[in-house]
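*Asks:* Build me a model from this:
(4 chains)
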Number of protein chains: 2
Amino acid sequence: MQKNNTPKYQVLKAFIIEAIQSKQWLPHEVITSENVLAEQFTMSRHTVRQAIGQLTNEGWLYRVHGKGTFVQEQLPPARKTIGVITTYISDYIFPAIIRGIENVLSQNDCQLMLGCSNQQVDKERQCLESMRNQQVDGLIIEPAKSGMPNPNVDLIQKMIADGLPVLTLQACFDGLEHNYVILDDVQAGVTATKHLLDLGHRRIGGIFKADLAQGQLRYKGFMDAQTKVGISLAEERVVLFVGDETGKSIQTTQYETLLQNVTAVVCYNDLVAVKLMDIIKEKGLKIPEDISIVSFDDSQLATFSEVKLTSVAHPMEALGEKVASEMLSLLAGTKDVVHEKMLLKLIKRQSSKAIDERV
Amino acid sequence: MQKNNTPKYQVLKAFIIEAIQSKQWLPHEVITSENVLAEQFTMSRHTVRQAIGQLTNEGWLYRVHGKGTFVQEQLPPARKTIGVITTYISDYIFPAIIRGIENVLSQNDCQLMLGCSNQQVDKERQCLESMRNQQVDGLIIEPAKSGMPNPNVDLIQKMIADGLPVLTLQACFDGLEHNYVILDDVQAGVTATKHLLDLGHRRIGGIFKADLAQGQLRYKGFMDAQTKVGISLAEERVVLFVGDETGKSIQTTQYETLLQNVTAVVCYNDLVAVKLMDIIKEKGLKIPEDISIVSFDDSQLATFSEVKLTSVAHPMEALGEKVASEMLSLLAGTKDVVHEKMLLKLIKRQSSKAIDERV
DNA sequence: AAAACCAACTTGTATGCACAAGTGGAAAAT
DNA sequence: ATTTTCCACTTGTGCATACAAGTTGGTTTT
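*Replies:* As a prediction, this is how the structure comes out:
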């Protein structure tokens, strides 16, 4: 007996697949009937049915009672789908980040599936679960509430364990080995503060968001730069806030105290800076003559405002492109570990001025 | 014989599914062996295998050679995924539209899959194909090159024939019965023009995009409003352009001719208006004293510019919310046909002024 | 010419049997 | 006490057979 170790029905399956792939059998054409195949391959009809049954399940064939078995139209191989979960989608710097991701992915024949956590960990979990269900081929996630412990780490860990390439954006998950593309926010804080120090300012205020890693790190940079030149940080020159920067998370008295004690302010981001500029304007003070302002992100707001903002530029689109191309490397297997930290550059505009030029 | 018309293996299948769903058989537990089941149900082992084989393919069970058959862990039912294909993602009014869609979908436990055509029909087709592959549960599409015949209508038609709910956004496909949520662009054109007529202007210019349905319809409204009050349209007061509004699609001489012949201009959108304002400023003319401007969309640009723009407001986020909630109705089956036309309102700002107040 | 019928084909359901091959625990041998 | 062997159990592959039921096209009947 020339007994091969491959089962008979497997042989038939391979034959049929070959016939379809080589286009000998075309879509929606009838294939050889079960009885004839059984005779041709000297096997029982039952074995033929086994092979055809499996191929039906695998999407190669379909059967019609009384008519025959037909070749299923082959769908083009599915493009890879990358899940992207960000805290916001259509505000501030996020459209630009997403555009960057979309650019790179679509150029590489990948699909984008978008989720939005709104900085809520429960919504983040929902997104994660449904992306897991949808079996995305890769996951890019900007952690929600990145300053606090994240309850979704377990799920992320499972997904990584399943072999899913995961990349975090802008922040990392605590207590989890993972790939990331983040910004060097400490360096950004140093850059912004050093710029003001170079301009001669010595009493520099800071407004920072305390519940996001980004805020904490920028604050650290703000402190580091001043400690280095021997300036000790006075309580009245720092405002920390939690939650929405545009809402009522900061009291007016806090602004007043701050402004009375400084010649310049480092703002957590452009939104904060724009709000601060309104308050300064209301008080009849001038920017940059009375108060210099430096902020972060260099969003549209920085140039749309009356006094153009000096801002440490968030790479936005470049960040999106970076994280997407790193994801492609992970998918292609050309890289295993991605630990990228992007540096930020200062864009000098009108809102900051040397102190010795002041009246 | 109590011969039921349902096949034996179907009976067994139903029994097993019931056992799993009622949690009598728990995930990863061994189930009754094939031989025992055959005896219990007085059927041959082959028939049992048929039932189990199908349930395996359907994801209820898995078999391990030599050990037994086990209950597969049931994944929670996948959330519905809605594919959204727009011409742009992160520019101009699109972030707001997408935010509106995302709001409604995520509140209804749906997932958003995003595609971007960049106004290219071939990229649009790519997106369509991959969404079809991914088996989205609904499709919202803003047609690319909506002023021209679209080569992807065949594919859309197939998808509709497959029972997929499809909604177009902002524009329709020619020669295809389908559901849509669009803007009443003719009415918008009338509104903008009538506003200027009411202010006493009689020589009104217009700049319109010719290769998009939106531009053609706004142009129609522009004409209609003037025809109604007996103003015949002079050639030198209209500039039509094709392609990118920010690029070189309009020649400087065209602007000059236009401006010499009018006291007011209706601009295709805010981008065009901002560009026109730059040119007017360069020529030393003032807005609105010398030239009144009305534009469409009421995007961020309208308020960020030096002279705040009078603009016919695009509903943006509301449009997104509308189209998403209509999609939910289609999915729920509470609606079959969606033919919605949204009206637009004029937002009066500084760029338009009554003509009799002019110097 | 239209309707009814039938035969030959297809796949679908079902039984019975046989042996292969992987698994795990009990019994036997070391 | 540990290793080996073996047996009973599981699922996997395979054959022969039978009839049910849907489809098609030609033949016969009306």
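
*Asks:* So what's the residue count around A:Asp122?
*Replies:* 12 (other C-beta atoms under 10 Å in any protein chain shown). In short, each C-beta sits where N, CA and C put it, glycine included.

*Asks:* tell me which element it is part of?
*Replies:* Under the criterion of DSSP states H and E, A:Asp122 resides in helix A:121-133.

*Asks:* That helix packs against which elements?
*Replies:* strand A:80-86, strand A:110-116, strand A:138-141, helix A:153-161, strand B:110-116 (3 or more C-beta pairs under 8 Å, 6 or more residues apart in numbering or on different chains; DSSP states H and E).

*Asks:* Got the domain ranges for chain A?
*Replies:* Following automatic domain parsing, chain A resolves into domains at A:8-71, A:80-184+A:317-342, A:185-314+A:345-357.

*Asks:* Include mean pLDDT when you put the ones you listed into JSON lines, please.
*Replies:* Formatted as JSON lines, the domains of chain A follow (pLDDT from 0 to 100):
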{"stretch": "domain A:8-71", "mean pLDDT": "92"}
{"stretch": "domain A:80-184+A:317-342", "mean pLDDT": "91"}
{"stretch": "domain A:185-314+A:345-357", "mean pLDDT": "90"}
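
*Asks:* Just the closest residue of chain A to DNA strand C, please.
*Replies:* Nearest to DNA strand C in chain A, going by C-beta to the nearest atom of the strand, is A:Ser33, at a distance of 3.1 Å.

*Asks:* Hmm, that residue is touching A:Gly66, no?
*Replies:* No. Contact between A:Ser33 and A:Gly66 fails when scored by C-beta atoms under 8 Å: they sit 11.5 Å apart.

*Asks:* Distance of A:Ser311 relative to chain B?
*Replies:* Distance of A:Ser311 to chain B, given as C-beta to the nearest C-beta, to the nearest Å: 16 Å.

*Asks:* and what of A:Ile20?
*Replies:* Counting by C-beta to the nearest C-beta, the gap from A:Ile20 to chain B is 18 Å.

*Asks:* does that residue belong to a helix or a strand, and which?
*Replies:* helix A:8-21.

*Asks:* Go ahead and name everything in contact with stretch A:299-309.
*Replies:* With contacts defined as C-beta atoms under 8 Å, 6 or more residues apart in numbering or on different chains, stretch A:299-309 is touched by A:92-93, A:269-271, A:273-274, A:277, A:287-288, A:293-295, A:298, A:311, A:314, A:316, A:347, A:349-351, B:300, B:304.

*Asks:* before we move on, the earlier item: any chance of the helices and strands packed on helix A:121-133 in CSV, with mean neighbour count and distance to B:Val239 too?
*Replies:* Listed next are those as CSV, based on neighbours: other C-beta atoms under 10 Å in any protein chain shown; distance: least, C-beta to C-beta, whole Å:
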stretch, mean neighbour count, distance to B:Val239
strand A:80-86, 25, 40
strand A:110-116, 24, 36
strand A:138-141, 25, 43
helix A:153-161, 15, 54
strand B:110-116, 24, 29
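
*Asks:* any idea how far the one helix or strand A:Gly189 maps to is from the chain center?
*Replies:* According to DSSP H and E, A:Gly189 maps onto helix A:185-198. On the basis of C-alpha atoms, centre = their mean, to the nearest Å, helix A:185-198 sits 25 Å off its chain's mean C-alpha point.

*Asks:* how about that helix: buried residues?
*Replies:* A:185-197 (16 or more other C-beta atoms under 10 Å in any protein chain shown).

*Asks:* ok, and what's touching it?
*Replies:* A:204, A:206, A:213-214, A:217-226, A:229, A:264, A:266, A:292, A:294-296, A:310, A:312, A:343-346, A:348, A:352.

*Asks:* moving C-terminal of that helix, what's the next helix or strand?
*Replies:* Remark: after helix A:185-198, the chain's next helix or strand is strand A:204-209, criterion DSSP H and E.

*Asks:* Going C-terminal from that following strand, what's the next secondary structure element?
*Replies:* Sequence-wise, the next helix or strand downstream of strand A:204-209 (DSSP H and E) is helix A:213-228.

*Asks:* Let's see the very next helix or strand once past that next one as PDB, backbone CA atoms only.
*Replies:* For helix A:213-228, the following helix or strand on the C-terminal side (DSSP H and E) is strand A:238-241. Coordinates of each C-alpha in strand A:238-241 appear next as PDB, following Å, rounded to 0.1, in the frame of the first residue of the first chain:
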ATOM      1  CA  VAL A 238       2.000  77.300  40.600                       C
ATOM      2  CA  VAL A 239      -1.600  76.400  39.800                       C
ATOM      3  CA  LEU A 240      -2.500  72.700  39.500                       C
ATOM      4  CA  PHE A 241      -5.900  71.800  38.200                       C
END
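
*Asks:* Would you pull up how far the next helix or strand after strand A:238-241 lies from the middle of the chain?
*Replies:* Counting by DSSP H and E, the next helix or strand C-terminal to strand A:238-241 is helix A:252-260. For helix A:252-260, the distance from its own C-alpha centre to the chain's C-alpha centre is 35 Å (C-alpha atoms, centre = their mean).

*Asks:* now the angle from helix A:252-260 to strand A:204-209?
*Replies:* Angle of helix A:252-260 versus strand A:204-209, following axes from the mean of the first three to the mean of the last three C-alpha atoms, to 10 degrees, is 150 degrees.

*Asks:* Give me the next element, helix or strand, following helix A:252-260.
*Replies:* Where DSSP H and E defines the elements, the next helix or strand beyond helix A:252-260 is strand A:264-267.

*Asks:* Any chance you could list what contacts that next one?
*Replies:* Residues outside strand A:264-267 that contact it (C-beta under 8 Å, 6+ apart): A:189, A:192-193, A:196, A:199, A:201, A:203-207, A:218, A:222, A:258-259, A:273, A:276, A:291-296, A:352, A:355.

*Asks:* what about 7 Å?
*Replies:* For strand A:264-267, contacts defined as C-beta atoms under 7 Å, 6 or more residues apart in numbering or on different chains pick out A:192-193, A:196, A:201, A:204-207, A:222, A:258, A:273, A:276, A:291-295.

*Asks:* Of those, select the buried ones using a ChimeraX command.
*Replies:* The ChimeraX command for the buried members of the contacts of strand A:264-267 (criterion: 16+ other C-beta under 10 Å) is given here:
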select /A:192,193,196,201,204,205,206,207,222,258,273,276,291,292,293,294,295
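
*Asks:* Next, give phi and psi for A:Val337.
*Replies:* Main-chain torsions, A:Val337, degrees, to the nearest 10: phi -120, psi 130.

*Asks:* Near the closest residue to A:Lys283 other than its chain neighbours, how many other residues are there?
*Replies:* Distance criterion C-beta to C-beta, 6 or more residues apart in numbering or on different chains; nearest residue to A:Lys283, sequence neighbours excluded, is A:Leu259 at 7.0 Å. A:Leu259 is flanked by 18 other residues according to other C-beta under 10 Å.
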